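Undergrad: Structural data only, the sequence is not supplied:
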């Protein structure tokens with residue numbers, strides 16, 4: 001087990017469990033995860049975990065802390081004209097449990113067309129698209145999930161590149177608040193995990209988190225403990241990889257392929 005020690009009071013102490021488990025059915029997806037990976041899979045600077053459908057950062061807070069807020073900015077990546085699918089999102093829960101509240105953007109190329117759109121989701125229900133928002137590659141997004149009191153949550157998504165293009169909804173959510181994520185994902189279809197879109201390198205920034213209804217603080221991202229690389233189905237090739245975080249621990253890049261991008 002990996003952990004990061006901090007002083008008393010709220011601070012995201014992210015515990016990384018060894019062994020294997022399942023990624024949640026995020027947007028209908030189930031993928032394997034391995035913590036403490038096989039060195040034979042390593043390709044220069046391998047993060048501390050691998051998954052078949054997630055890449056980015058995810059962490060579990062110390063005992064007694066329930067995550068009640070999580071947010072970040074990100075840039076909507078473009079996708080090359082090769083059939084593939086991708087989602088960029090933030091959320092709470094889903095790492096080590098089957099609950100998840102999340103919001104993000106989708107970037108696909110299918111049927112000869114690119115698709116960029118916004119969505120939110122609470123498992124086990126399917127995603128809900130946000131047709132009022134017009135998403136384009138290069139747009140700078142802000143997404144957050146917030147526990148207002150008990151099971152009353154607010155999901156917020158804003159396109160900061162376009163004034164007044166935002167969405168917010170109050171929802172009922174009963175998850176435990178036991179993990180937080182900033183993820184680039186390969187979604188699923190009727191036959192399982194879809195091929196990952198060849199997306200342009202993107203960046204999460206100003207990542208924040210809060211626990212037990214405290215004030216949001218920098219996410220405190222730690223490499224390699226909290227980082228996740230995505231592999232192909234056989235686990236022999238990395239297909240999406242995050243960078244190390246910036247010095248403040250609240251920003252990182254994620255890139256298609258197995259070459260790790262530089263930290264922001």
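TA: Done, it's in. Nothing here was measured: the structure is a model prediction, and the numbers come from that model.

Undergrad: ok, and the closest non-adjacent residue to residue 185?
TA: Closest residue in space to residue 185, ignoring its immediate chain neighbours: residue 87 at 4.5 Å, by Cβ to Cβ, 6 or more residues apart in numbering. All C-beta atoms are positioned from the backbone trio N, CA, C, and that covers glycine.

Undergrad: so what's the one you found bridging to?
TA: Beta-bridge partners for residue 87, by DSSP bridges, are residue 106, residue 185.

Undergrad: ok, now how distant is residue 68 from residue 154?
TA: Going from residue 68 to residue 154 by Cβ to Cβ, to the nearest Å gives 11 Å.

Undergrad: Those two: which is more packed in?
TA: More neighbours surround residue 68 than the other of residue 68 and residue 154, with 20 against 15 (other Cβ atoms under 10 Å).

Undergrad: Please identify the helix or strand for the residue lying closest to that one once chain neighbours are set aside.
TA: Leaving aside its sequence neighbours, residue 68 sits nearest to residue 147 (Cβ to Cβ, 6+ apart; 3.9 Å). Using DSSP states H and E, residue 147 sits in strand 140-149.

Undergrad: Next: residue 109.
TA: Using DSSP H and E, residue 109 maps to strand 101-110.

Undergrad: That strand: how far from the chain's middle?
TA: Offset of strand 101-110 from its chain centre (Cα atoms, centre = their mean, to the nearest Å): 11 Å.

Undergrad: residues in contact with the helix or strand following that strand?
TA: Where DSSP H and E defines the elements, the next helix or strand beyond strand 101-110 is strand 113-122. Contacts with strand 113-122, where a contact means Cβ atoms under 8 Å, 6 or more residues apart in numbering, come from 26-27, 76, 78-79, 81, 87, 100-109, 127-131, 133, 135-137, 155, 157, 159, 167, 169, 171, 173.
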